[in-house]
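Q: Below are the sequence and a predicted model for it; my questions follow.
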Amino acid sequence: MYERLKRLYTAGRITIAGLKKAVINALISEYEFEAITGEPYIRETDASERIEEEQAHE
């Protein structure tokens, strides 16, 4: 599945959001997401916590 999703991403046929869904559905790992996109995988809960933390420091 990793190779297939990598090809689709490279060809522009799947988005980062689509790859995030693949991680959520356990089709690829977070590490594989990072290998495909070159970006770190940030869980939605992690992102929410980070935003709350930044707002608390303002």
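A: Arrived safely. Numbering: from 1, shown residues only.
Q: Can you name the residues in contact with stretch 28-41?
A: Identification of contacts with stretch 28-41 by Cβ atoms under 8 Å, 6 or more residues apart in numbering yields Met1, Tyr2, Leu5, Lys6, Tyr9, Ile16, Leu19, Lys20, Ala22, Val23. C-betas here are computed from N, CA, C, even on glycine.
Q: Against which helices or strands is whichever helix or strand the last one is part of packed?
A: With the criterion set as DSSP states H and E, the secondary-structure element containing Val23 is helix 16-24. Packed against helix 16-24 by the contact rule (3 or more Cβ pairs under 8 Å, 6 or more residues apart in numbering; DSSP states H and E) you find helix 2-10, helix 30-37.
Q: Please work out which of the ones you listed is packed deepest.
A: helix 30-37 (a mean of 16; mean count of other Cβ atoms under 10 Å).
Q: tell me the average confidence for it?
A: What helix 30-37 shows for mean pLDDT is 97.
Q: What of stretch 14-21?
A: 96.
Q: now the angle from the helix holding Val23 to helix 30-37?
A: 160 degrees (axes from the mean of the first three to the mean of the last three Cα atoms, to 10 degrees).
Q: among the helices and strands packed on helix 16-24, which is nearest Glu44?
A: With Cβ to Cβ as the measure, helix 30-37 is the member of the helices and strands packed on helix 16-24 nearest Glu44 (12.7 Å).
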